[in-house]
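> structural data only, the sequence is not supplied:
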């Protein structure tokens, strides 16, 4: 047996003891003392554009920061990374449990973090952020390299965030992800750990295999502004919270996403639905969502189990399969205001309100929109309740400009106000149809019909409530 020198044993023991409480990742033997608040990955052995794995250098640079946080500077060039496993999750850069850490490049057109060709089983992320706060990633490109890396799990993302607060992305391009560019997921249990406060500014999401940004349960306070989404296979921003019954029981029912602002973004050349706004259930809806001043090209917005949603000032040109705006089950207090909507290429009406199983949409306010529609009309409401359509400019060529139907038996509807709209070019301007239930408190007045064969048409028990119907 060959005995190791005592000095070597002491060195090895020190290495293991010193590393056990640090973020886990590949260990570099050249870690300098953790006494600097700004470090450069090149000081730890990273070299751009050399086709050599730089994962060790990034892990060492992060470990070198003081406990109070600091900045990791990444010079121009392409840096290759590979994911290492921990707690059944693979990650190339681990920011879990850290505070006040910034990773900054020289600009998204200059600095790229790219996953090296490899094969992975299970969740695999370029960056993992778990129970962290004050994290900023800026001025670089994160490239999942999806066509050269073998991912076998759809839960493989650019940045995966599990709980935490005050997380910012500024001038970051997310390209080539197998899954999402960014996924936000609160951690459940007796006391949920929310994702609380996320800012995404001037970022770009392109050629991702799933979504640009995925918003899951226990997420609040998210702002997405000035960003672009293109060539996204699924929804560009997908709010689709899930949770097992045990998780929800432990956490309580109030964990749906809330307090989101989506403004001044551009969605184009992407899936037919750019934005989904959904809660967990009719009893736990997504809440307080503002979608303003965005441009949607060939795509639309879907609202499901949500309340207090404002869709205003957007330019929406829909694709073929989905309405520019569709509101379904359990949605309440939805404002659709001051949008310009072109649905001439779609197979549906411009704005669709649709009953879906347990509860109809209600409290819908549609006002001051400019709409160009085709054969399927501007508004279609099926079993929705408490709907105001006022002050809109609507042109098209279909059978109906505005069609309101009561189809589901035993669900009488009420409170419809259709007032001060201009409708042009339809066979029928406004039509109400009921299969048996009384539709009550209906008021249609002061609308202008231009080149419309029939202004107002009713079928079934429609109970009017105003002069001027």
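Arrived safely, thanks for sending. Predicted model only: the values in this text are computed from it and were never measured.
> residue 416 is in contact with residue 439, isn't it?
Yes. At 7.1 Å, residue 416 and residue 439 qualify as touching, with contact defined as C-beta atoms under 8 Å. (C-beta placed from N, C-alpha, C; glycine too.)
> which strands or helices does the helix or strand hosting residue 302 pack on?
Using DSSP states H and E, residue 302 falls within strand 300-304. With contacts defined as 3 or more C-beta pairs under 8 Å, 6 or more residues apart in numbering; DSSP states H and E, strand 300-304 has these neighbours: strand 273-278, strand 325-328.
> picking that back up, which residues are in contact with each of residue 416 and residue 439?
The overlap between the contact sets of residue 416 and residue 439 (C-beta atoms under 8 Å, 6 or more residues apart in numbering) consists of 404, 432.
> chain center to the strand holding residue 302, what's the gap?
From the chain centre to the centre of strand 300-304 is a distance of 12 Å (C-alpha atoms, centre = their mean, to the nearest Å).
> low-confidence stretches in this structure?
Applying pLDDT under 70 to the chain flags residues 1-35, 243-253, 356-358.
> look through it and tell me its longest strand.
strand 124-143 (DSSP state E).
> in that one, which residues are buried?
124-130, 132-143 (16 or more other C-beta atoms under 10 Å).
> list of residues touching the next helix or strand after that strand?
Using DSSP H and E, the next helix or strand after strand 124-143 towards the C-terminus is strand 150-151. The contact list for strand 150-151 (C-beta under 8 Å, 6+ apart) reads 118, 119, 120, 124, 144, 178, 179.
> what about 6 Å?
119, 120, 124, 178 (C-beta atoms under 6 Å, 6 or more residues apart in numbering).
> and for stretch 96-108?
Stretch 96-108 has contacts (C-beta under 6 Å, 6+ apart) with 69, 71-74, 76, 95, 111, 128, 130-141, 171, 173.
> and if you look at stretch 130-148?
Contact partners of stretch 130-148, identified using C-beta under 6 Å, 6+ apart, comprise 95-105, 107-108, 111-115, 117, 126, 129, 158, 162-178, 209.
> strands paired with the strand holding residue 302, and their directions?
Here strand 300-304 has these sheet partners by DSSP bridges: strand 273-278 (parallel), strand 325-328 (parallel).
> that one: what's the following helix or strand?
For strand 300-304, the following helix or strand on the C-terminal side (DSSP H and E) is strand 306-312.
> coming back round to it: turn the helices and strands packed on strand 300-304 into a markdown table, columns for mean neighbour count.
Below are those laid out as a markdown table (neighbours: other C-beta atoms under 10 Å):
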| stretch | mean neighbour count |
| --- | --- |
| strand 273-278 | 26 |
| strand 325-328 | 26 |
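> would JSON lines of the ones you listed with distance to residue 224 be doable?
As requested, the helices and strands packed on strand 300-304 are exported to JSON lines (distance: least, C-beta to C-beta, whole Å):
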{"stretch": "strand 273-278", "distance to residue 224": "10"}
{"stretch": "strand 325-328", "distance to residue 224": "18"}
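> nearest to residue 265, out of those?
Nearest of the helices and strands packed on strand 300-304 to residue 265, taken as C-beta to C-beta: strand 273-278 at 8.9 Å.
> that closest one vs strand 306-312, what angle?
150 degrees (axes from the mean of the first three to the mean of the last three C-alpha atoms, to 10 degrees).
> from the middle of its chain, how far away would strand 273-278 be?
In this view, strand 273-278 has its centroid 7 Å away from the chain centroid, taken as C-alpha atoms, centre = their mean.
> mind giving me the packing neighbours of the next helix or strand along the chain from it?
As assigned by DSSP H and E, the chain's next helix or strand after strand 273-278 is strand 286-292. Contacts defined by 3 or more C-beta pairs under 6 Å, 6 or more residues apart in numbering; DSSP states H and E place strand 286-292 against strand 258-263, strand 273-278, strand 306-312.
> re the thing from before, narrow the contacts of stretch 130-148 to those in helices?
Judged by DSSP state H, helices contain none of the contacts of stretch 130-148.
> any of the residues you listed buried? List them.
By neighbour count, with 16+ other C-beta under 10 Å, the contacts of stretch 130-148 hold 95-96, 98-105, 108, 111-115, 126, 129, 158, 162-178, 209 as buried.
> for residue 469, find the nearest of the helices and strands packed on strand 286-292.
Of all the helices and strands packed on strand 286-292, strand 306-312 sits nearest to residue 469, with 28.4 Å by C-beta to C-beta.
> which elements pack onto that closest one?
Under the contact criterion of 3+ C-beta pairs under 6 Å, 6+ apart, strand 306-312 touches strand 286-292, strand 332-337.
> turn those strands into TSV, including distance to residue 353 and mean neighbour count.
Shown next, in TSV, are the helices and strands packed on strand 306-312 (distance: least, C-beta to C-beta, whole Å; neighbours: other C-beta atoms under 10 Å):
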stretch	distance to residue 353	mean neighbour count
strand 286-292	17	21
strand 332-337	9	21
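> turn those into a markdown table, including distance to residue 200.
As requested, these are arranged in a markdown table below (distance: least, C-beta to C-beta, whole Å):
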| stretch | distance to residue 200 |
| --- | --- |
| strand 286-292 | 14 |
| strand 332-337 | 23 |
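> for residue 112, see how far away residue 143 is.
To residue 112, residue 143 is 6 Å away according to C-beta to C-beta, to the nearest Å.
> residue 295 bridge partners, please.
residue 266, residue 315.
> count of neighbours near the closest residue to residue 297 other than its chain neighbours?
Leaving aside its chain neighbours, residue 297 sits nearest to residue 268 (3.9 Å; criterion: C-beta to C-beta, 6 or more residues apart in numbering). Around residue 268 there are 16 other residues, counting by other C-beta atoms under 10 Å.
> surely residue 268 is in contact with residue 299?
No. Using C-beta atoms under 6 Å, residue 268 makes no contact with residue 299, being 7.6 Å away.
> dump the residue contacts of residue 313.
Contact analysis of residue 313 by C-beta under 6 Å, 6+ apart lists 292, 293, 338.
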